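Student: can you look at this prediction? I've put the sequence above it.
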Amino acid sequence: MKTEINPITDGANMARRSFLRYAGASAAAVAVMGAAASCSKNDRVIVTPGGGADIGSGDPGILNYAYALEQLEAAFYLQVIATPYSGISAIETSYLTDIRDHEVVHRDFFKAALGSKAIAALTPDFSKIDFSSRDKVLGAAKAFEDLGVQAYDGAGYLIKDAGYLTIAGKIVSVEARHAALISNLISPGTFVPADQVNSDGLNKSASIAEVLAQANTYLKTKVSAVNYNYKP
């Protein structure tokens with residue numbers, strides 16, 4: 001029988017760092033929390049008629065965008081570890097458990113930083129993923145990790161607050177390490193896959209609309225960015 005995972009509450013008791021410790025208790029982390037707490041009413045989170053959520057606008061909108069992706073990744077790895085694929089090795093279990101713990105920390109960090117501005121808990125839809133198959137699980141993991149890195153790289157220029165940008169840079173660095181590891185598990189020696197790095201040696205990026213279109217295929221709770229308004 002397949003074990004059902006609650007993507008928000010499961011893993012709450014696992015040993016992990018708090019989000020402040022993860023951020024190094026730095027001034028940047030304090031800046032992020034302070035900025036989120038002082039958001040204007042124009043940066044409110046909007047619930048859509050279909051039961052989904054819009055990320056909102058301004059810097060809080062970008063944090064909600066990242067929060068949505070981190071919720072999705074955390075839910076995926078919680079399921080992977082709860083229902084290991086056939087033939088999973090001890091080292092693969094260790095790697096994937098570490099990634100799970102990172103994603104849970106990322107998810108919890110954004111939730112705490114956003115406070116009342118955070119979008120609601122999202123419900124994933126992993127019905128297309130065969131969690132008993134190594135190939136399918138690692139293929140999905142690669143898709144999620146590559147998408148996450150492209151998302152951070154594609155939205156970085158939209159961030160105004162230096163505190164947000166610092167934290168985003170720290171998190172995307174970890175996500176890129178995840179992406180490299182997963183790629184290497186699929187095919188040894190491909191930690192810098194050609195499908196993710198361009199001829200200039202730069203990671204490819206994707207727009208908010210492109211990323212959400214892909215992410216929503218794995219979410220029952222759809223996320224939109226129709227109310228995001230970038231003001232340079």
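Tutor: Happy to help now that I have it.

Student: going forward, measure contacts and count neighbours with C-alpha atoms only.
Tutor: Will do.

Student: is it true that residue 201 lies in a helix?
Tutor: No - remark: residue 201 does not belong to a helix; assigned using DSSP: H, G, I helix; E, B strand; the rest coil, it is coil.

Student: number of residues surrounding it?
Tutor: Applying other C-alpha atoms under 10 Å, we find 10 residues neighbouring residue 201.

Student: the one 4 residues further on too?
Tutor: Other residues lying near residue 205 total 21 when counted by other C-alpha under 10 Å.

Student: okay, now the residue nearest to it when sequence neighbours are not counted: neighbour count?
Tutor: Closest residue to residue 205 apart from its sequence neighbours, by C-alpha to C-alpha, 6 or more residues apart in numbering: residue 150 at 4.0 Å. Neighbour count for residue 150, taken as other C-alpha under 10 Å: 23.

Student: for residue 150, list the residues it contacts.
Tutor: For residue 150, the contacting residues are 203, 204, 205, 206, by C-alpha atoms under 8 Å, 6 or more residues apart in numbering.

Student: pLDDT (mean, whole number) over the helix or strand hosting it?
Tutor: Assigned by DSSP states H and E, residue 150 belongs to helix 134-155. In this model, helix 134-155 has a mean pLDDT of 96.

Student: just checking, what packs against the very next helix or strand once past it?
Tutor: Moving toward the C-terminus from helix 134-155, the next helix or strand (DSSP H and E) is helix 162-186. Under the contact definition 3 or more C-alpha pairs under 8 Å, 6 or more residues apart in numbering; DSSP states H and E, helix 162-186 sits against helix 27-37, helix 134-155.

Student: the residue nearest to residue 205 and residue 196: what is the separation?
Tutor: 8 Å (C-alpha to C-alpha, to the nearest Å).

Student: mutual contacts of those two, please.
Tutor: Common neighbours of residue 150 and residue 196 (C-alpha under 8 Å, 6+ apart) are 203, 204.

Student: skipping adjacent residues, who's closest to the spatially most central residue of the chain in space?
Tutor: Among the residues of the chain, the one closest to the centroid is residue 70, at 2.4 Å (C-alpha atoms, centre = their mean). Once flanking residues are discounted, residue 70 sits nearest to residue 107: 5.0 Å by C-alpha to C-alpha, 6+ apart.

Student: would you mark the buried spots in the helix or strand hosting that neighbour?
Tutor: Residue 107 is part of helix 90-114 when elements are defined by DSSP H and E. Residues of helix 90-114 classed as buried: 96-97, 99-111, 113-114 (neighbour count, 16 or more other C-alpha atoms under 10 Å).

Student: and for stretch 168-177?
Tutor: 168, 171, 172, 174, 175, 176.

Student: quick check: residue 125 vs residue 179, distance?
Tutor: Distance of residue 125 to residue 179, computed by C-alpha to C-alpha: 21 Å.

Student: between these two, which is the more surrounded one?
Tutor: More crowded of residue 125 and residue 179, by other C-alpha under 10 Å: residue 179, with 25 against 16.

Student: count of neighbours near the residue nearest to the more buried one when sequence neighbours are not counted?
Tutor: Using C-alpha to C-alpha, 6+ apart and skipping the chain neighbours, the partner closest in space to residue 179 is residue 145 (5.0 Å). When neighbours are counted by other C-alpha under 10 Å, residue 145 registers 23.
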